[in-house]
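J.: give me a 3D structure for the following:
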Amino acid sequence: MASRPQPPRSPGKLNFHPGFPESATFPFSTWARLLARNARRRGDDILAYQSFAGHWGLREAIAEYLAVARGVNCRPDQVIVVTGAQAALDLTARLLLDGGEAVWLEEPGYLGARSALLSGGAELAPLRVHKGGWELGDPSLPPPRMIYVTPSCQWPLGTIMGMDERLRLLAIAERHNAWIIEDDYDGEYRFRGQPVPALRGLDHTQRVIYVGTFGKTLFSSLRIGFLVAPPSLAPAFERALSVTGQFAPLLLQATLADFIREGYFATHLKRMRRLYARRQTEFLILCRRKLSAWMDVSENDAGMQILGWLIPPLDDHAIASAALRHGVDVQPVSINYQHDAPRQGLLLGFAGVGDREMVRAVNGLRSAFQSCDPKQASLSANRRLAPSNGKKVALS
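T.: Okay, here's the model as predicted:
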């Protein structure tokens, strides 16, 4: 576990790191009022663990929300509250995998899932993904014990899994008696067309373990996530959770339950969908106007980040390092490849960046690209060497 790579994050920089929601307009006054109300109540559901799987009120609220918003019908006792999506992935890998069992992992795919699955003893096989979809018929794939997917907004490509692919994936899992981990990290944010129901909502054979997080919808430091276990596995997940100690504070859980049930969560999500749709449009315009010489960006139908492919021979690690020197935190795309030769790009989170910050950050990225571009370096050198006798000098 200690040897697993971790995407670097640099506090104090302009944050284009993916996965960070808007926080400036979050209704913290409402959150503080609910938090104080629960702190004054001091009931047993706040001061003593009655269930390792989480506060019952929050489990009920999550089950009700999922049925309406994501098409997932489950009982509250199937909802297991954990300290974020990464904790859910770690718990699932440790509970359901034995060493050496085959797991299909998207290629390119989420680094955090790769780390959790390898720590659980998995032998990873690449389930290749491109803009056209998932290569579910790849004959080189071994019979799986588990399949990890991000169907609502594939990480990092942003592809949305079609209905025919979803049904085919469920059939594959049933045929091989395999589990599917559905990581629905960005499922709430869809900007065009009808919302696509979660894969878990189509699962009649109870093969899907649904993973969600409030770190992408509320604020990152909340550290509350959850998984929805098949009925046959829910007691095992609760017992296993009692061993790991991955318990989110009950006071925060009770506050989140109230935030959902009293309608504040739905209102906040509606506002964020509108805001993120506008920010994505503005961000694309800025990037195309100022960065098109080095990077090709395209819009997403869903999600909180966009993908920019670098124009060869640029290296995304070099660009990310240069961006930090210019005060901007970005994530290279190449870290999401394990089996194939990595493509070079940047995964740029726009959701939590205000209008002025966005302009400053894009300008910082432009400076980073210029510092890494041999043509720009040559041009700058020519300018420095040009005679200063007052005459105009033509520079190629």
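
J.: in the longest strand anywhere in the chain, which residues are buried?
T.: The longest strand of the chain (DSSP state E) is strand 123-130. Of the residues in strand 123-130, those with enough neighbours to count as buried (16 or more other C-beta atoms under 10 Å) are Leu124, Ala125, Pro126, Leu127, Arg128, Val129. For the C-beta atoms, the positions are set from N, CA and C on the backbone; glycine is no exception.

J.: do stretch 288-305 as well
T.: When burial is assessed from 16+ other C-beta under 10 Å, stretch 288-305 yields the following buried residues: Lys290, Leu291, Trp294, Met295, Val297, Asn300, Ala302, Gly303, Met304, Gln305.

J.: what about the protein, any weak spots by pLDDT?
T.: Counting by pLDDT under 70, the chain has low-confidence residues at 4-5, 7-11, 193-195, 374-396.

J.: now with 90?
T.: Across the chain, the ranges flagged by pLDDT under 90 are 1-20, 23, 41-51, 131, 185-197, 203-205, 220-221, 242-247, 298-303, 373-396.

J.: need the helices for it, in chain order.
T.: Here the chain has its helices, by DSSP state H, at 28-41, 44-47, 56-69, 85-96, 111-119, 163-176, 234-244, 250-261, 264-290, 316-325, 355-372, 374-385.

J.: now the strands for the stretch 101-250 of the chain?
T.: Secondary structure of the stretch 101-250 of the chain, counting by DSSP state E, counting those that start in this stretch: strands at 102-107, 123-130, 133-134, 146-149, 179-183, 208-213, 225-228.

J.: next, the angle helix 85-96 makes with the first one.
T.: Spelled out, it's strand 102-107. Relative orientation of strand 102-107 with respect to helix 85-96: 160 degrees, computed using axes from the mean of the first three to the mean of the last three C-alpha atoms, to 10 degrees.

J.: strand 102-107 packs against which elements?
T.: Strand 102-107 sits against helix 111-119, strand 123-130, strand 146-149, with contacts defined as 3 or more C-beta pairs under 8 Å, 6 or more residues apart in numbering; DSSP states H and E.

J.: among those, which comes closest to Leu136?
T.: The closest of these to Leu136 is strand 123-130. By C-beta to C-beta, the value is 7.5 Å.

J.: partners of the closest one, with directions?
T.: Strands flanking strand 123-130 in the sheet, each with its direction: strand 102-107 (parallel), strand 133-134 (antiparallel) (DSSP bridges).

J.: distance from the chain centre to it, please.
T.: Relative to the chain's own centre, strand 123-130 is displaced by 18 Å; criterion: C-alpha atoms, centre = their mean, to the nearest Å.

J.: ok, back up a step: to Val68, which of the helices and strands packed on strand 102-107 lies closest?
T.: Ranking those by distance to Val68, with C-beta to C-beta as the measure, places strand 146-149 first at 22.9 Å.

J.: list the contacts for the closest residue to Pro230 other than its chain neighbours?
T.: Distances taken as C-beta to C-beta, 6 or more residues apart in numbering put Gln206 closest to Pro230, at 3.8 Å, once the chain neighbours are dropped. Contacts of Gln206 were listed using C-beta atoms under 8 Å, 6 or more residues apart in numbering, and they are Pro230, Pro231, Ser232.

J.: Throw those residues into TSV and include neighbour count and distance to Ile80, thanks.
T.: Converted to TSV, those look like this (neighbours: other C-beta atoms under 10 Å; distance: C-beta to C-beta, whole Å):
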residue	neighbour count	distance to Ile80
Pro230	18	11
Pro231	11	12
Ser232	9	14
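
J.: of the residues you listed, closest to Gly354?
T.: Once C-beta to C-beta is applied, the member of the contacts of Gln206 that ends up nearest Gly354 is Pro230, at 41.9 Å.

J.: how far away is that closest one from Arg274?
T.: For Pro230, the distance to Arg274 (C-beta to C-beta, to the nearest Å) stands at 35 Å.

J.: again, but for Met295
T.: Counting by C-beta to C-beta, the gap from Met295 to Arg274 is 27 Å.

J.: so what's the residue count around the spatially closest residue to Pro197 that is not a sequence neighbour?
T.: The spatial neighbour of Pro197 that comes closest, neighbours along the chain excluded (C-beta to C-beta, 6+ apart), is Gly71 at 3.3 Å. By other C-beta atoms under 10 Å, the residues close to Gly71 number 15.

J.: same check, this time on the one 3 residues further on
T.: Using other C-beta under 10 Å as the criterion, Cys74 is surrounded by 21 other residues.

J.: OK, contacts around it?
T.: With C-beta under 8 Å, 6+ apart as the criterion, the residues that contact Cys74 are Ala63, Leu66, Ala67, Arg200, Tyr210, Val228.

J.: and which of these is nearest Leu218?
T.: Closest approach between those and Leu218, by C-beta to C-beta: Leu66, at 15.9 Å.

J.: compare the strands paired with strand 123-130 and give me the one nearest Val353.
T.: strand 102-107 (26.5 Å).

J.: related to what we said a few turns ago, highest mean neighbour count out of the helices of the chain?
T.: Ranked by average neighbour count under the criterion mean count of other C-beta atoms under 10 Å, those are headed by helix 85-96 at a mean of 23.

J.: dump the helices and strands packed on strand 102-107 into a markdown table; add distance to Ser140 as well.
T.: Supplementary listing: these in a markdown table, determined by distance: least, C-beta to C-beta, whole Å:
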| stretch | distance to Ser140 |
| --- | --- |
| helix 111-119 | 18 |
| strand 123-130 | 8 |
| strand 146-149 | 15 |
